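J.: Need coordinates for the following:
(4 chains)
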Protein chains: 2
Amino acid sequence: MAPARRTIHDVARAAHVHPSTVSRALNGGPGVTLRPETRARVLAAASRLAYRPSGVARSLRLRRTLTLGMLVPDIANPFFPRVIKGAEEAARERGYSLVLCDTADLPEREAEYLRVLREREVDGLLIASSRMADATIAALRAEGFPFVLVNRGARGSDDLAVLVDNEAGIAEAVAHLASLGHQRVAHLAGPQTTTTGLERAAGFRAAVRAHGLDPDPALVVEAGAFDEGAGLRAARAVLALERRPTAIVAANDLIAIGALRAAREAGLRVPHDLSLVGFNDIPDAELIEPPLTTVRVPQEEMGARAAALLVARLAGEAIAVPRIVLAARLVVRGSTARHPAERGATVPPARARRIA
Amino acid sequence: MAPARRTIHDVARAAHVHPSTVSRALNGGPGVTLRPETRARVLAAASRLAYRPSGVARSLRLRRTLTLGMLVPDIANPFFPRVIKGAEEAARERGYSLVLCDTADLPEREAEYLRVLREREVDGLLIASSRMADATIAALRAEGFPFVLVNRGARGSDDLAVLVDNEAGIAEAVAHLASLGHQRVAHLAGPQTTTTGLERAAGFRAAVRAHGLDPDPALVVEAGAFDEGAGLRAARAVLALERRPTAIVAANDLIAIGALRAAREAGLRVPHDLSLVGFNDIPDAELIEPPLTTVRVPQEEMGARAAALLVARLAGEAIAVPRIVLAARLVVRGSTARHPAERGATVPPARARRIA
DNA sequence: TTGTACGCGTTATCAA
DNA sequence: TTGATAACGCGTACAA
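T.: Numbers count the residues shown, from 1 in each chain, chains lettered A, B, ... in the order given. A predicted model of the protein is given here:
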C-alpha cells in the first residue's frame, strides 16, 4: 500500500554510480573530491526520484539522532510554552528536533520518559522538571549523559544550567514593597523540595532582614505546588492571621493568582487593602485585573539559551560558563499600592502604566 | 569518554545465548516458545548490564519509529498547550513520542518541518497548523502518508480530522446575545484563508439571519490573524462605525481580548456598553476582567482524540468516523450583558457564576 | 527450543 | 575520482 521508500540505492542506480558516491554527492563535506559532472548527475537523479534520506539509518550509522528530549512538569502551566518555544527554535536553528514530554510533575512519569528518551537515543536532555529527584540527575551526571537544567538548581554541582537570579528578583520585589511603606509582608513560598522554591524563600527572608521588616515566621507559608490552587490555600492561611500582612510576595504568578482569589474571598481589595507581587511574568499577568506586579523571567530566552548550551556541549565545544544566570527584573503594574497607613503621603501612586 | 552502549550482543554473551535469543526473550510475542530458564537467564543478564535496546536500530529494522510529529502555529498561543498536552498524553499511553514543531504560522517553516519530520520518519502527523497550504496537505494525502487535521477543515475531502462544531458554537453565542435584546451584533472574523475563520463567519451570518438581527455587512470585519493585535485593529474598525454595534462575537478569545482593549480605548465599558463573546475558552478567559463569555472548545480532548485517531490509523484499524466533530458550548461569564435599550426589563442579569 | 544468516539504509574506510 | 566493503544494533525466516 504505502509505496516503498526510495533508498540511496535507487538514486545510485538512476545516476549510474555506486551508493557511496551518492552519499558523498549529497553530504559532500570539505574533504570530499567529486567530479562536478558526477555530482550533478546524482543530484538530478535524487531530485527526480524525490529521494529523502533515512534519518533512522543515518542515526544508526552516525550514532546520533539530532534529537533533544525536553521534560517539563506541565505544558498547561503558562510559564512553560514560551520556554519551550525558545528551546524549540534554538534547537531547530541548529538542526535538532525536540521531543516534548509532559511529566505532570509525577516521578514515575519522569522515570518512564527518561527511559523512553534514552531508548530513543536522544542526544541530550533539557530538564525543566523542577521536582525531578536529585538521584535521577546524579545518575545522568555519573553516566556522562549530556543535559541542561532549566530553571532549576544544580545543588552545588557544576551541571550545565540556565537559571534566573531568584534572590535578586525577590529582593527587588521586597524593596519595592518596603519603599511603599509596607512592614508586614508575607511570602507564599513554593514547594521547599524545589531549588526555585528554596531560593525564593531564602531571598525573601534575606530581603526582609535587609529592610528591617517584620521577620515574623508565620508570614512565610509554603504552597504545596506552584499553582493557583495551592496559592489559594496558602493565601487563606496567611490572611487568617491575627495580624494580617499588608502585602504578599508570591513564589510565582500562579500562586499570586490564587492569592488574588483568596483576597476576594476575604473581601479585601487588591491593591487597596493588600498589595501583591508575583514571579515569572506569565502572559496572564498583565491580563488579569488588577494587572499583576511581578518579577519578569525572560522565558523564551531561557529556553533558547538552554538549547544552545546543550547543543554546544554536544558539539564538544568548550563551555566557558556552565551556569547561565538570567536577570530577573521587577515589572510594576496595577496590583501593588502604597501601604494603607501611608496613603496620602508623598510617594506617588504605584499603579503604573502597562509595560510593553 | 562516553561508555560504549550495551548491545544485544553483550547481553547474549553474558547469558550464554545467541543474540536472537535475547531478542526473543525480551520482546517475546505470542508465537514465541522459550524455555523459562533461558528467558530468566537473559532477563537477569539484561538487567545486570542495564541493557537498553536501541530504538534507532529497532526502528530501522521494523520500519517504524513510534514517533508522531505535531505541527502547531504558535505554542505561545494559549489555545495550543492543552491541545498539545492531550495529544502528548494519548500518544504516550500508546507508546508513541511526540516531536513538537512550532511553525510560527510561516509557510516556509512548515515546509522545512515537514521535510525534517519525513526524514526522521515519524509514523504520522498531527496538523494543527491552520494556514498550511492545501496543496501541501493534498500532497500528503496523495502519498498516503498518515495524518490527522486538528481544528482545521478538510475541504470536502475525507481526511481524518478532529474539529469543533463552529457553526453551532457561534449560533449559541448569537442566540445568547439575541435573547438579551441585541440587534446590531458585529463579528470579528478570523482570517478567511482558514477553514476555522470561514466556518465561524458563515455560522455568524446564518445565525444573524435566523434571529432576524441587523444583517449589515459592515458589521463583519476580518481580523488578519487569530491574535490580540489583529483583534484590536478589527475592533477599532467596528467601533468606529457610525451606528456602533452593541455586541461583538469574536472568532476566538485572543481577538476578543483585543476587542476588549479597543473598547477601553473608546471609553466603552464591557459589558455595560458593549457585550463581548469569544471562542475557545482559553484559560485566560476566566481570568481577565470582566471574565470572558466564550464558546468552549474541549482542548485536551481535541488533542487526545486526534492522537488516538492517528494511532488507530497507523495500527490499520478500521476508522468508523474519519471526522470527529466535538461539541462547542457557550460558557456565560461576566462580559455579556443585556442590550442597553432593554436594561431594567425582565431578563435577569447575565453576569453568571464562574463555570467549573 | 535455539542458532544461523540476512537485511533494514547509511556512511567511513580502504582499495582501485 | 570512484567503487567495494563493512559496520551501526536489531528482528525474523529458516535451519538445526
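
J.: got the contact list for the residue of the stretch 201-350 of chain A found nearest chain B?
T.: The minimum distance from the stretch 201-350 of chain A to chain B, using Cβ to the nearest Cβ, falls at A:Glu289 (2.9 Å). C-beta here means a position set from N, CA and C on the backbone, and glycine is covered the same way. By Cβ atoms under 8 Å, 6 or more residues apart in numbering or on different chains, A:Glu289 lies in contact with A:334, B:288-289.

J.: which residues touch A:Asn280?
T.: Going by Cβ under 8 Å, 6+ apart, the list of residues near A:Asn280 reads A:79, A:252-253, A:294-297, A:299.

J.: let's go with 6 Å and repeat that
T.: The contact partners of A:Asn280, taken as Cβ atoms under 6 Å, 6 or more residues apart in numbering or on different chains, are A:79, A:252-253, A:297.

J.: and these, which of them are in helices?
T.: Using DSSP state H, the members of the contacts of A:Asn280 that fall in helices are A:Asp253.

J.: mind putting the contacts of A:Asn280 in TSV, pLDDT and neighbour count included?
T.: TSV is the format used below for the contacts of A:Asn280 (pLDDT from 0 to 100; neighbours: other Cβ atoms under 10 Å in any protein chain shown):
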residue	pLDDT	neighbour count
A:Phe79	97	24
A:Asn252	98	27
A:Asp253	98	28
A:Val297	98	26
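
J.: The closest residue in space to A:Pro78 that isn't next to it in sequence: neighbour count?
T.: Nearest non-adjacent residue to A:Pro78, counting by Cβ to Cβ, 6 or more residues apart in numbering or on different chains: A:Ile282, 4.2 Å away. When neighbours are counted by other Cβ atoms under 10 Å in any protein chain shown, A:Ile282 registers 28.

J.: And the next helix or strand past the helix or strand of chain A with the lowest mean pLDDT?
T.: Among the helices and strands of chain A, helix A:134-143 carries the lowest confidence by mean pLDDT, DSSP states H and E, at a mean of 90. Downstream of helix A:134-143, the first helix or strand assigned by DSSP states H and E is strand A:147-150.

J.: Please name every helix or strand in contact with whatever helix or strand comes next after that next one.
T.: Sequence order places strand A:161-164 as the next helix or strand after strand A:147-150, per DSSP H and E. Strand A:161-164 sits against helix A:299-314, strand A:323-326, with contacts defined as 3 or more Cβ pairs under 6 Å, 6 or more residues apart in numbering or on different chains; DSSP states H and E.

J.: domain ranges for chain A?
T.: Chain A resolves into domains spanning A:8-52, A:65-164+A:299-325, A:166-297+A:331-343 when parsed by automatic domain parsing.

J.: Show me the one of these that comes nearest DNA strand C.
T.: Closest approach to DNA strand C among those is made by domain A:8-52 (3.0 Å; Cβ to the nearest atom of the strand).

J.: Reformat the contacts of A:Asn280 as a markdown table; add distance to B:Pro107.
T.: As requested, the contacts of A:Asn280 are arranged in a markdown table below (distance: Cβ to Cβ, whole Å):
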| residue | distance to B:Pro107 |
| --- | --- |
| A:Phe79 | 30 |
| A:Asn252 | 37 |
| A:Asp253 | 34 |
| A:Val297 | 32 |
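
J.: Need the contacts of A:Asn280 in JSON lines (columns: distance to chain B).
T.: Listed next are the contacts of A:Asn280 as JSON lines, based on distance: Cβ to the nearest Cβ, whole Å:
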{"residue": "A:Phe79", "distance to chain B": "11"}
{"residue": "A:Asn252", "distance to chain B": "15"}
{"residue": "A:Asp253", "distance to chain B": "11"}
{"residue": "A:Val297", "distance to chain B": "14"}
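
J.: and which of the contacts of A:Asn280 is nearest to DNA strand D?
T.: In terms of Cβ to the nearest atom of the strand, no member of those lies closer to DNA strand D than A:Phe79, at 37.4 Å.

J.: hmm, back to that, what is the nearest of the contacts of A:Glu289 to DNA strand D?
T.: Nearest to DNA strand D, judged by Cβ to the nearest atom of the strand, of these is B:Ile288 at 51.1 Å.

J.: What segments of the stretch 1-150 of chain A are helices?
T.: For the stretch 1-150 of chain A, applying DSSP state H, counting those that start in this stretch gives helices covering A:8-15, A:19-27, A:36-48, A:55-62, A:80-93, A:107-119, A:134-143.

J.: for the closest residue to DNA strand D within chain A, phi and psi?
T.: Going by Cβ to the nearest atom of the strand, DNA strand D is nearest to A:Thr33 of chain A, at 2.8 Å. Main-chain dihedrals, A:Thr33, degrees, to the nearest 10: phi -110, psi 130.

J.: distance of it from A:Asn27?
T.: In this view, A:Thr33 and A:Asn27 are 14 Å apart by Cβ to Cβ, to the nearest Å.

J.: of the two, who's got more company?
T.: Neighbour count, other Cβ under 10 Å: between A:Thr33 and A:Asn27, A:Asn27 has more, with 10 against 6.

J.: Tell me if I'm right that A:Val42 and A:Arg24 touch.
T.: No: A:Val42 is not in contact with A:Arg24 according to Cβ atoms under 6 Å; the separation is 8.4 Å.

J.: quick one, which of the two is more surrounded?
T.: Under the criterion of other Cβ under 10 Å, the comparison of A:Val42 against A:Arg24 puts A:Val42 first, with 26 against 18.
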